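> Kindly return the folded structure for what I paste below:
(chains A and B)
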Amino acid sequence: MKTPAPADLQRWSEELARNPASLAFLPLARAHRRLSRRDVALKLTLQGLEAHPANVEAHALLALLYLEEGDRAKAADEWSIVLRLKPGNFEALRGMGFRHLEQNNIPKARQHLERAALIRPDDTAVQEALRLLRQREAALRARAADSAAPAETATAEPTGSAAHETEPWSPVEDPTPAAPATVPTPSTVTEPAPARPESVRGDDPEHAFDDLLQSGPVLGALLLDSRGLVLAGSFKGRAHADEIGAILGAAVDEAVRTVEYLSLGGWEGLILEFGSAVLHVRPIAGQGIAVLAAAPDAPMGWVLRATAGLAERAARMLEVPA
Amino acid sequence: MSDVYVDTVSRLSRVPGVRGAILVEAAGGVPVTAEVDASISPRAVAALAAALFQRTASVSTTAGLGRLRRFQLETAGGHVLMAGAGELILVVLVDDDGQLGMVRLETQRAAESLI
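Model (predicted):
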């Protein structure tokens, strides 16, 4: 986690002072959290939510702040809001899964954790929680079998999950001494690095497209996975590849919904023109996303052609058709 | 309603290749004025487009990219152009074979005239 620059803190504070409804409260609150000033981060986030009550990132940040304070009930309330606003939010699914597991609400824990595992199959905390959940389910099944046929318990095998799904849920003691004493939480788990395709591993993925960066207008070139996590490439200057990936992951989600609603066929690209860069984004056979960033005054036709070249290279790395 | 808004949207919707244009109030995601085919719901497009534009714009500063000016969604069946105009967003739906260069230029001019 990088330390926020004092200049950024000042800029966001000034922006917020000028315009109390500004979204600068979010990076400012995150920065204060990183600096262990959680009370300030909490105040900023709560104030920001007054102006932006449907801001998903703010609710997610508030959940994290409550969790770090040890207030898991309030954290769960915020994750619930996040899931109402964005049903596929991984952090909220994971957090609610842990919360339900902690309360031994097995069906709801399973529901949330399995959805989280679909989004990030390599998340170790989710996998650990699912392992714990399966142990508890097995214990419930064994207990049900004990009640039904006490004479046969020594040799009886569990008969599937239907028994515990139809009987009323009731809290049980953790049946397995080997199981973790506490349910993992997002704050206790280190985020694993995204899994890279075999063809990307072993090289220096960060510098995979450095030759493109030698071209004047190119500010960055990235290959992202379908979740917006960086697989290869980098950006010049102030922009940060991981943050760009996060922006684009969110933008692509919204774009796909828009395209589906308008029945426009599949999405073929996004062009985002910012004050200090133009980003062209292209999907690669459903397996990844190529991103080329260019100077804002670069000719658009040139940007499109450069991105096509990047997408071809990225497709070769992923071993899929361009 | 301001004639400027109506005139701007009307002028844009007559550019060859443009299927429709909608002026959207950014914060609420609601249409201010629209000229679109009857098969398209301006309210739904406004809500989706505003969410897409605002979501991207809200985090762009954090990443050091500056203000989001324009957003173009490319699809197999056409393009959706969005341009920020202060507290408004101009949304233009373009045919797949539309003259994008011309539409982009007109959209930018229209957006600047609204600020």
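> tell me the pLDDT at A:Gly303?
Not Gly; residue A:303 is Val. Per-residue pLDDT puts A:Val303 at 92.
> Could you tell me which residues make contact with it?
A:217, A:271, A:278, A:280, A:292, A:294 (Cβ atoms under 8 Å, 6 or more residues apart in numbering or on different chains). Bear in mind the C-beta positions are built from the backbone N, C-alpha and C, glycine included.
> and what of B:Gly98?
B:16-19, B:78-79.
> which of these count as buried?
When these are checked for burial by 16 or more other Cβ atoms under 10 Å in any protein chain shown, the buried set is B:17-19, B:78-79.
> name the element the nearest residue to A:Glu91 once chain neighbours are set aside belongs to?
Spatial nearest neighbour of A:Glu91, chain neighbours left out: A:Ala60 (5.7 Å); criterion: Cβ to Cβ, 6 or more residues apart in numbering or on different chains. Element membership for A:Ala60 (DSSP states H and E) is helix A:56-69.
> could you dump that helix to PDB, C-alpha only?
Provided in PDB are the C-alpha atoms of helix A:56-69 (Å, rounded to 0.1, in the frame of the first residue of the first chain):
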ATOM      1  CA  VAL A  56     -20.500   2.300  -4.100                       C
ATOM      2  CA  GLU A  57     -16.900   3.000  -3.400                       C
ATOM      3  CA  ALA A  58     -17.800   5.100  -0.400                       C
ATOM      4  CA  HIS A  59     -20.000   2.400   1.100                       C
ATOM      5  CA  ALA A  60     -17.200  -0.100   0.500                       C
ATOM      6  CA  LEU A  61     -14.700   2.100   2.200                       C
ATOM      7  CA  LEU A  62     -17.000   2.700   5.100                       C
ATOM      8  CA  ALA A  63     -17.400  -1.100   5.500                       C
ATOM      9  CA  LEU A  64     -13.700  -1.500   5.600                       C
ATOM     10  CA  LEU A  65     -13.300   1.300   8.200                       C
ATOM     11  CA  TYR A  66     -16.000  -0.300  10.400                       C
ATOM     12  CA  LEU A  67     -14.300  -3.700  10.000                       C
ATOM     13  CA  GLU A  68     -11.000  -2.300  11.100                       C
ATOM     14  CA  GLU A  69     -12.700  -0.800  14.100                       C
END
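> Against which helices or strands is it packed?
If you count contacts as 3 or more Cβ pairs under 8 Å, 6 or more residues apart in numbering or on different chains; DSSP states H and E, helix A:56-69 packs onto helix A:25-34, helix A:38-51, helix A:72-85, helix A:90-102.
> If we ignore the residues flanking it in sequence, what's nearest B:Gly17?
B:Gly17's closest residue in space is B:Gly98 (Cβ to Cβ, 6+ apart), at 2.3 Å.
> Let me know the secondary structure of the one you found.
Using DSSP: H, G, I helix; E, B strand; the rest coil, the three-state assignment for B:Gly98 comes out as coil.
> if we can go back for a sec, got the contact list for the helix holding A:Ala60?
A:25-26, A:29-30, A:33, A:38, A:41-42, A:45-46, A:48-49, A:52, A:72, A:74-76, A:78-79, A:81-82, A:85-86, A:89, A:91-92, A:95, A:185-187, B:58-59.
> Let me have the contacts of A:Val303 in JSON lines, extended by pLDDT, secondary structure and neighbour count.
As requested, the contacts of A:Val303 are exported to JSON lines (pLDDT from 0 to 100; DSSP: H, G, I helix; E, B strand; the rest coil; neighbours: other Cβ atoms under 10 Å in any protein chain shown):
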{"residue": "A:Pro217", "pLDDT": "89", "secondary structure": "coil", "neighbour count": "17"}
{"residue": "A:Ile271", "pLDDT": "94", "secondary structure": "strand", "neighbour count": "22"}
{"residue": "A:Val278", "pLDDT": "93", "secondary structure": "strand", "neighbour count": "22"}
{"residue": "A:His280", "pLDDT": "94", "secondary structure": "strand", "neighbour count": "26"}
{"residue": "A:Leu292", "pLDDT": "94", "secondary structure": "strand", "neighbour count": "28"}
{"residue": "A:Ala294", "pLDDT": "92", "secondary structure": "strand", "neighbour count": "23"}
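> Pick out the most distant pair among these.
The largest distance within the contacts of A:Val303, taken as Cβ to Cβ, falls between A:Pro217 and A:Ile271 and amounts to 14.3 Å.
> So which bits of chain B are right by chain A?
B:40, B:44-45, B:48-49, B:51-52, B:55-56, B:58-78, B:80, B:93, B:101, B:104 (Cβ under 8 Å from any Cβ of the partner chain).
> Please spell out the PyMOL selection for the buried subset of the residues you listed.
Buried subset of the residues of chain B next to chain A, written as a PyMOL selection, criterion 16+ other Cβ under 10 Å:
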select buried, chain B and resi 40+45+48+49+52+55+56+58+59+60+61+62+63+64+65+68+69+70+71+72+73+74+75+78+80+93+104
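> Give me the subset of the residues of chain B next to chain A that lies in helices.
Of the residues of chain B next to chain A, the ones assigned to helices by DSSP state H are B:44-45, B:48-49, B:51-52, B:55-56, B:58-60, B:101, B:104.
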